[in-house]
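1. fold the following, please.
(one chain, ligands or ions: 1)
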Amino acid sequence: MHLTNSDLLKTQAYVNGTFTEAKSGATFDVINPYNGEQISKVTDCGAADTESAIQAASAAFKVWRNYTAGKRARILKNWYKLQIENLEDLALILSTEQGKPLAESKGEIKYGASFVEWFAEEARRIYGDTIPGHAADKRIVTIKQPVGVVGAITPWNFPSAMITRKVAPALAAGCTVVIKPSELTPLSAIALAELAHQAGFPPGVINVVTSSDAKTIGAVMTASPLIRKISFTGSTRVGKILMKQCVDTVKKVSLELGGNAPFIVFDDADLDKAVAGAVAAKYRNAGQTCICANRIFAQADIYEAFVEKFTKAVKEQKIGSGLEAGTVIGPMIEEKAVQFVEAVVADAKEKGGQVLTGGRRHGDSATLIYEPTVLTEVNREMDVYKKEIFGPIAPVFKFETEAEVIEMANDTNYGLASYFYGRDYARIWRVAEALEYGMVGINTGMISTTVAPFGGIKESGFGREGSKYGMDDYLEIKYMCWGGIE
Ligand code: SIN
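-> As a prediction, the model looks like this:
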């Protein structure tokens, strides 16, 4: 990998302001999912290393929380600027370890950095209240204070932006952090740590614990009384385990978990725009985002026309290495992810589903590229209806009425993102209100932005990231009752 700034390709954990090996000396391999080659060996931290990071974060909290908001904001702004200055290198590291097309990686670095800029600005706006008192001699005031040390456990599908989306509000609020990045994509996290080091964060404010043993690190973080909050993005299965583990120390928890997003096309929709929106919402990162359209529903009158245009657009996507110009669909993250989508497609075919395009690996059996796939003749007995696919598979269901599609859209334990296209404004309001989801895209397939609250309901989790609400999860409200004011 040729970087302009070779300092960014570090391979060690970052604890208490120092890049460091594991106490055991262990390392693990980071693999390029496009060609299966080893990119590097990375420090494999264990429980003792994680304890050290937590201790460092706890000591640093006493200092960092007392910085003025302006001083914290200035260091966050430095970090933001460094991310933008190193955009090309950060994107190259990201695409190499994660596989997504370079254009998407550049978009992710900008998206990730925008959280740092936004929360640097929000740091100065952590306001309290004065509340009209309940007695003549009393005055009531609230202040907001940082929760303490935060454990941030982040996924491989957005190795950079999911870190900054958690860490920037935490740091702005005055918290310190211990980050456990995915073992599949630790290099982006270490590169962010290097830039944080250059930005001037005091030692211990940001710590990155790289490890192949997520279970052990998660157990240490959740058991530690020094960690006051866990923020996790990942599967619903793991989110539930972490939530249970946080019970004994009664930690604050935010969870951004799985989804099963409906994407509804009503008969009055602008079909070309709906097709473009569906392609964007389905195939971003080869279908590996929590908010990817999972089930596409097209109304009977426009079903055939939609399927035809959609399939044509899906076939036009260039498949290949994320580092080649023009690639839209890169490899999936690992073999078991491909096997999962193969099983989901096989299940649909067994139950009568028709493959209009794709439905197989692209090339030999060793490749992790799965062709963008469109399925019709699908029904609610199939896994494509019930499970989060997390791959480039688009089942298109036919529906007749608004009531029917709302019932099907909400027929899931998940409640993260949802989308629909239509023009009738009364129906738009009805449908937006009826969808049991934390986020609704109306006539758009792209809803992610720093300035809006990202998060789900039901088994998709709780807590909001980004926007003015994104800071709340890292703050405690303290109420002061002043008496004796005669
Ligand atoms: C996710 O997949 O968890 C994040 C997607 C996004 O922020 O757009």
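2. which helices and strands sit right next to the lengthiest helix in the chain?
-> Longest helix in the chain by number of residues (criterion: DSSP state H): helix 102-122. Where contact means 3 or more Cβ pairs under 8 Å, 6 or more residues apart in numbering; DSSP states H and E, helix 102-122 is packed against helix 69-85, helix 87-98, helix 161-173. The way it works is simple: take the backbone N, C-alpha and C, and place the C-beta from them, glycine included.
3. list the strands paired with the helix or strand just after it, with their directions.
-> Helices and strands here follow DSSP states H and E; after helix 102-122, the next one along the chain is strand 129-131. Note on strand 129-131: by DSSP bridges, its sheet partners are strand 139-146 (antiparallel).
4. which positions in the partner strand come out as buried?
-> Neighbour-count burial for strand 139-146, with 16 or more other Cβ atoms under 10 Å as criterion, is recorded at Lys144, Gln145, Pro146.
5. the nearest residue to the first one once chain neighbours are set aside: what's it in contact with?
-> This points to Lys144. Spatial nearest neighbour of Lys144, chain neighbours left out: Leu475 (4.4 Å); criterion: Cβ to Cβ, 6 or more residues apart in numbering. Leu475 makes contact with Ile126, Lys144, Gln145, Pro146, Val147, Ala173 under the criterion Cβ atoms under 8 Å, 6 or more residues apart in numbering.
6. the residues you listed into CSV, with extra columns for pLDDT?
-> Compiled in CSV, these are given as follows (pLDDT from 0 to 100):
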residue, pLDDT
Ile126, 97
Lys144, 98
Gln145, 98
Pro146, 98
Val147, 98
Ala173, 98
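7. and which of these is nearest Met1?
-> If you rank these by distance to Met1 using Cβ to Cβ, Ala173 comes first, at 34.8 Å.
8. checking Glu324 next. Helix, strand or coil?
-> coil (DSSP: H, G, I helix; E, B strand; the rest coil).
9. of the helices and strands packed on helix 102-122, which is nearest the ligand?
-> Closest of the helices and strands packed on helix 102-122 to the ligand is helix 161-173, at 6.2 Å (criterion: Cβ to the nearest ligand atom).
10. which strands and helices sit next to the closest one?
-> Looks like helix 161-173 contacts helix 69-85, helix 102-122, strand 139-146, strand 149-153, strand 176-180, helix 186-199, strand 227-233 (3+ Cβ pairs under 8 Å, 6+ apart).
11. relative to the last one, what are the paired strands and their orientations?
-> Here strand 227-233 has these sheet partners by DSSP bridges: strand 149-153 (parallel), strand 252-256 (parallel).
12. so which of the ones you listed is the most packed in?
-> Highest mean neighbour count among those (mean count of other Cβ atoms under 10 Å): strand 149-153, with a mean of 29.
13. tell me how far it lies from the chain's centre.
-> Centre-to-centre, strand 149-153 and its host chain are 15 Å apart (Cα atoms, centre = their mean, to the nearest Å).
14. the inter-axis angle of it versus helix 186-199?
-> Calculated by axes from the mean of the first three to the mean of the last three Cα atoms, to 10 degrees, strand 149-153 forms an angle of 150 degrees with helix 186-199.
15. state the mean pLDDT of strand 149-153.
-> Across strand 149-153, pLDDT averages out at 98.
16. so that strand, near the ligand or not?
-> No - judged by Cβ under 6 Å from any ligand atom, strand 149-153 stays clear of the ligand, getting no closer than 12.6 Å.
17. ok, back up a step: can you tell me which of the helices and strands packed on helix 161-173 is nearest to Met221?
-> strand 149-153 (3.9 Å).
18. got the angle between the closest one and strand 176-180?
-> Going by the same axes, to 10 degrees, strand 149-153 is angled at 20 degrees with respect to strand 176-180.
19. could I have strand 149-153 exported to CSV, CA atoms only?
-> The C-alpha trace of strand 149-153 is given here as CSV (Å, rounded to 0.1, in the frame of the first residue of the first chain):
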residue,chain,number,x,y,z
VAL,A,149,-15.0,6.6,30.6
VAL,A,150,-16.8,5.3,27.5
GLY,A,151,-16.2,1.9,25.9
ALA,A,152,-16.8,2.1,22.1
ILE,A,153,-17.1,-1.2,20.3
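20. before we move on, the earlier item: can you put the helices and strands packed on helix 161-173 in CSV and add distance to Phe397?
-> Formatted as CSV, those follow (distance: least, Cβ to Cβ, whole Å):
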stretch, distance to Phe397
helix 69-85, 41
helix 102-122, 27
strand 139-146, 45
strand 149-153, 34
strand 176-180, 38
helix 186-199, 36
strand 227-233, 28
